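A.B. asks: What follows is a predicted structure for the sequence shown.
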Amino acid sequence: MTRDGVDARRLRFERDGYLSAVPILAASEAAAHRRRLECAEASLGPLHYRAKVYTILTSPLELATHPRVLDTVTALIGPDVLLWNATYIVKEPGTSAYVSWHQDLAYWGLDGEDEVSMWLALSQADESNGCMRMASGSHRAGRTRHRTTADAENVLYQGQTVDGVDEAAAVACALMPGEASFHHGWTLHASGPNHGAERRIGFNAQYIATHMRQTRHDRDTAMLVHGVDRFRHFGVDIPAAADLDPGAVARQRELERMVRETMGDDIGRPLPAVDS
């Protein structure tokens, strides 16, 4: 805490739009969670970008609600917190998949900015294998104009891209297994291909304050993970009681369709022009 009682993490987050290399797990714990992911992949197939994975697997909910994670999240957006989505983001070795410069909140349909995304490394993430890069301070400008693209190598649902970002000024958020970054929904971020020989595996969770709403439809869901939900703007996600329960897997398929509809609502149409 600073002398006036404001959490130093909050001050850095407000200044830079992100925190990086925040220790969450021991390397051995990260390796154990990676094994649990890869065991699930052996049964279900690739889990890259599979939405709301905490409804079908127990490991993701343990990660998303880890005390060190929630301590950071509540310091940044307050005590009443919903887990809105979580997924694994996997870049296989030697592939050309990348993520263009973009802002999360520009295409999620949420009505506010009390949101934070965590990216937790389950394998080493560095510039050689496509770690995230942040445009420091870019969140302070609010929403920036995006354009949609049809690049098959772009991991994003719409290939949404912000042009003109100063690559030379971008900050690489290299992470060791068990470390995490946290970024604001307006922070411009991107990542390159995996030129390495190993998988780059991250666990990505998005948290919102309970007062937030979904503006695109009334079917969105979330899970209370800290504090009290006095608003009840979202349906309630059912956490996995065991891994890959058939009923849970069937429900997750419906949630997956809903999430893709939400995030892909503007496919084929330019996002509204907003001055940066």
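C.D. replies: Noted; the coordinates are in hand. Numbers count the residues shown, from 1 in each chain.
A.B. asks: From the chain's centroid, how far away is stretch 39-46?
C.D. replies: 21 Å (CA atoms, centre = their mean, to the nearest Å).
A.B. asks: Contacts for that stretch next, please.
C.D. replies: For stretch 39-46, contacts defined as CB atoms under 8 Å, 6 or more residues apart in numbering pick out 47, 56-57, 59, 90, 243-244, 249. Every C-beta, even on glycine, is put in place using the N, C-alpha and C of the backbone.
A.B. asks: Buried ones among those residues?
C.D. replies: For those, a burial check counting by 16 or more other CB atoms under 10 Å picks out 47, 56-57, 59, 90, 243, 249.
A.B. asks: The residues you listed: which two are farthest apart?
C.D. replies: Val90 and Val249 (19.0 Å; CB to CB).
A.B. asks: give the contact list for the closest residue to Arg15 other than its chain neighbours.
C.D. replies: Nearest non-adjacent residue to Arg15, counting by CB to CB, 6 or more residues apart in numbering: Gly137, 7.0 Å away. By CB under 8 Å, 6+ apart, the contact list for Gly137 reads 15-17.
A.B. asks: Switch the residues you listed over to TSV, and while doing so, append neighbour count to every line.
C.D. replies: Converted to TSV, these look like this (neighbours: other CB atoms under 10 Å):
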residue	neighbour count
Arg15	12
Asp16	20
Gly17	24
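A.B. asks: export the residues you listed to CSV and tack on distance to Lys52, secondary structure and pLDDT?
C.D. replies: As requested, those are exported to CSV (distance: CB to CB, whole Å; DSSP: H, G, I helix; E, B strand; the rest coil; pLDDT from 0 to 100):
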residue, distance to Lys52, secondary structure, pLDDT
Arg15, 32, helix, 97
Asp16, 29, helix, 97
Gly17, 25, coil, 98
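A.B. asks: out of those residues, which one sits closest to Thr187?
C.D. replies: For the contacts of Gly137, the nearest to Thr187 is Gly17 (3.6 Å; CB to CB).
A.B. asks: Report the contact partners of the closest one.
C.D. replies: 134-140, 183-184, 186-187.
A.B. asks: Which one of those is nearest to Ala30?
C.D. replies: When those are compared against Ala30 (criterion: CB to CB), the nearest one is His183, at 19.6 Å.
A.B. asks: can you pull out the strands in this protein?
C.D. replies: With DSSP state E as the criterion, the chain has strands at 18-23, 81-91, 99-102, 115-121, 132-134, 171-172, 179-184, 189-191, 200-209, 221-226, 235-236.
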